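Peer 1: could you look at this predicted model? Sequence included:
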Amino acid sequence: MSITTSQAIIKVIIPAFNEASSIALVVGDIPDFVDEVIVVSNNSTDATEANAANAGATVLTENRPGYGYACLKGMEYLAQQNPGPDIIVFLDGDYSDFPEQINELVAPILNDNVDFVVGARVRRFRESGSMTFPQRFGNWLATSLMRLFFNARFTDLGPFRAIKYNKLLQLQMQDKTYGWTVEMQLKALKQDLRYMEIPVRYRNRIGVSKVSGTVKGTIFAGIKILGWIFKYSFK
């Protein structure tokens, strides 16, 4: 696929909370065909912002803690642009994803008119220890419930994902914290978006996870994910 010759405007949003050790690696590995990399520092107290800027990213700040708050800040920034982007890619700032695989995520959108692509962290491509038991169990439970209630084909709630910008706006995303990824997938199902998964590689993150690395984060994330699923199941 000759993706570098595409006329599509592709932008990347990276929420980051104290990822000074990894953020420059993430930004540096993003393919050249991406038009802009937006790092949203989510109340970081380390050198995340400086390191991201030095690596060439546009840096925004969102002082309200929460993954969703950071993503929404990135979307607010994009809403001021004219022309706006065609495709938005989300990924984490901890270097657990492989940014060079962005080409694989956007290919179905560019070539096959798919609306939404999730990078699935399949077992055969995961580095040992890269996903904790709570993460694996939470993914299994959430995707099993989506399959039960919506006949969905999702197998993962992976944060590495690509979506048409107009479809993202259509979803009217709301979640401010841990439920961002599952909200997007549930709304994509409810609105009959054309979606698919692409197997992606996944490695041990740099530093400690702010969600799965803490008991509080794991519990709150689980509650949020299940809350979104049951909210949409009985609408």
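Peer 2: Now that the structure is in, tell me what you want to look at.
Peer 1: need the contact list for D86.
Peer 2: Going by Cβ atoms under 8 Å, 6 or more residues apart in numbering, D86 touches 8-10, 164-165. Glycine gets a C-beta too; all of them are placed from N, C-alpha and C.
Peer 1: grab the nearest non-local neighbour of it.
Peer 2: Take D86 and drop its neighbours on the chain: the residue closest to it by Cβ to Cβ, 6 or more residues apart in numbering is A8, 4.3 Å away.
Peer 1: could you check the pLDDT of the one you found?
Peer 2: We note a pLDDT of 95 for A8 in this prediction.
Peer 1: confirm for me that it is in contact with L110.
Peer 2: Yes. With contacts counted by Cβ atoms under 8 Å, A8 reaches L110, the gap being 6.0 Å.
Peer 1: now the residue lying closest to I229 once chain neighbours are set aside: which helix or strand?
Peer 2: Closest residue in space to I229, ignoring its immediate chain neighbours: L145 at 5.0 Å, by Cβ to Cβ, 6+ apart. Assessed by DSSP states H and E, L145 sits inside helix 133-150.
Peer 1: so which of A8 and L110 has more stuff around it?
Peer 2: Legend: neighbour count by other Cβ atoms under 10 Å for A8 and L110, higher for L110 (19 against 15).
Peer 1: counting neighbours, which bits of the strand or helix carrying that one end up buried?
Peer 2: For L110, the element it lies in under DSSP H and E is helix 102-112. Neighbour counts over helix 102-112 (16 or more other Cβ atoms under 10 Å) mark 102-110 as buried.
Peer 1: show the average pLDDT along it.
Peer 2: Per-residue scores along helix 102-112 average to 96.
Peer 1: neighbouring contacts of that helix?
Peer 2: 1, 3, 6, 8, 10, 12, 30-31, 33-34, 87, 89, 91, 114-115, 117, 119, 160-164, 196, 198, 200.
Peer 1: that one: how far from the chain's middle?
Peer 2: From the chain centre to the centre of helix 102-112 is a distance of 15 Å (Cα atoms, centre = their mean, to the nearest Å).
Peer 1: and stretch 53-73, by the same measure?
Peer 2: With Cα atoms, centre = their mean, you get 13 Å for stretch 53-73.
Peer 1: what do you get for stretch 22-33?
Peer 2: 15 Å.
Peer 1: thinking again about what came up before, so the residue nearest to D86: helix, strand or coil?
Peer 2: The local conformation at A8, judged by DSSP: H, G, I helix; E, B strand; the rest coil, is coil.
Peer 1: and the gap between it and L78?
Peer 2: According to Cβ to Cβ, to the nearest Å, A8 stands 14 Å off from L78.
Peer 1: ditto for V34
Peer 2: 13 Å.
Peer 1: what sits in contact with each of the two?
Peer 2: What both V34 and L78 touch, as defined by Cβ under 8 Å, 6+ apart, is the set K11.
Peer 1: so what's L168 up against?
Peer 2: Contacts of L168 by Cβ under 8 Å, 6+ apart are 75, 88, 184.
Peer 1: just to revisit the earlier point, type out the ChimeraX command that picks the buried ones from the contacts of D86.
Peer 2: If you want just the buried ones from these in ChimeraX, going by 16+ other Cβ under 10 Å, the selection is:
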select :9,10,164,165
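Peer 1: need the helices for the chain, in chain order.
Peer 2: Along the chain, counting by DSSP state H, helices occupy 23-28, 48-54, 67-79, 102-112, 133-150, 165-171, 180-190, 215-233.
Peer 1: is it true that D29 touches P99?
Peer 2: Yes. Using Cβ under 8 Å, D29 is in contact with P99, at 4.1 Å.
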